[in-house]
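**Q** Kindly return the folded structure for what I paste below:
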Amino acid sequence: MPAKKIDRTGQTYGSWYVLREAEPRLEPNGKRRTMYLCRCACGHEAVVHSAALGRGSSTSCGRGECHHGGGQGNPAWSTLEGNPRWTGEDATYGGAHHRVRREHGSASLYRCSCGCGRQAEDWAYLGTDPNAKVSAEGKSKGCLYSPNPEHYAPLARPCHKAFDTWQAQRRTGVPLALVIAEALAA
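**A** A predicted model of the protein is given here:
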């Protein structure tokens, strides 16, 4: 009797969050391998083999601030509670985004906050925290973020890029939907 298939959708494995099942991979021997589209804590998406998630041999994308090389034994990634990268006001950029996902779920569960009607893909920092932090890590170096999940909104990737462009220009007092509409029209 074949083993019962495990649905990993919505689960977290290390820094991976499983978005949905992807096309299965066909092995040379004819076996079909279950694959999942996953999003890493850093925002990178990749298709990951189900068994690699289950046995813990794949815990992040291994890029930028997620590169850890040590698998689940690495204390910076394997335990979230009590780790300064993930908790308190000292949370890193990746830690803050992970906190948002833990509190609100994947951004893909929401429609874009700008009102464009698209499915959201990213949690975007809104620039509303008076105590914002600046990332000193990897690909996110120089980016503003907040350790407080209430300062984020779900946005579609094009809207997120447009909003980040606007935010870099440091305008204030304009509603989010108008900001993104203006940036997309430019």
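
**Q** Please pull out the lowest mean pLDDT helix or strand from the chain.
**A** Each helix and strand of the chain was given a mean pLDDT (mean pLDDT, DSSP states H and E); the minimum falls on helix 75-78 at a mean of 38.

**Q** what number of residues lie near residue 156?
**A** By other C-beta atoms under 10 Å, the residues close to residue 156 number 24. (C-beta placed from N, C-alpha, C; glycine too.)

**Q** Tell me which helix or strand comes right after the least confident helix or strand of the chain.
**A** Proceeding N to C from helix 75-78, the next assigned helix or strand is helix 93-104, under DSSP states H and E.

**Q** List the buried residues for that next one?
**A** Applying a neighbour-count criterion of 16 or more other C-beta atoms under 10 Å, the buried positions in helix 93-104 are 93, 94, 95, 96, 97, 98, 99, 100, 101, 104.

**Q** Also stretch 43-63?
**A** Neighbour-count burial for stretch 43-63 flags 43, 44, 46, 48, 49, 50, 52, 53, 58, 59, 60, 61 (criterion: 16+ other C-beta under 10 Å).

**Q** go on, stretch 102-112?
**A** Using 16+ other C-beta under 10 Å as the test for burial, stretch 102-112 gives 104, 106, 107, 108, 110, 112.

**Q** would you turn these into JSON lines with secondary structure and pLDDT?
**A** Output for these, formatted as JSON lines (DSSP: H, G, I helix; E, B strand; the rest coil; pLDDT from 0 to 100):
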{"residue": "104", "secondary structure": "helix", "pLDDT": "82"}
{"residue": "106", "secondary structure": "coil", "pLDDT": "83"}
{"residue": "107", "secondary structure": "helix", "pLDDT": "86"}
{"residue": "108", "secondary structure": "helix", "pLDDT": "84"}
{"residue": "110", "secondary structure": "coil", "pLDDT": "89"}
{"residue": "112", "secondary structure": "coil", "pLDDT": "92"}
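
**Q** Closest to residue 37 out of the residues you listed?
**A** Nearest to residue 37 out of the buried residues of stretch 102-112 is residue 108 (C-beta to C-beta; 9.8 Å).

**Q** quick one on the thing from earlier: list just the nearest of the buried residues of helix 93-104 to residue 131.
**A** For those, the closest approach to residue 131 (C-beta to C-beta) belongs to residue 96, at 12.0 Å.

**Q** Might one say that the closest one is in contact with residue 150?
**A** No - Residue 96 is beyond contact range of residue 150, at 11.6 Å (criterion: C-beta atoms under 8 Å).

**Q** in the protein, which segments are predicted with low confidence?
**A** Along the chain, the parts satisfying pLDDT under 70 run over 1-3, 63-88, 168-186.
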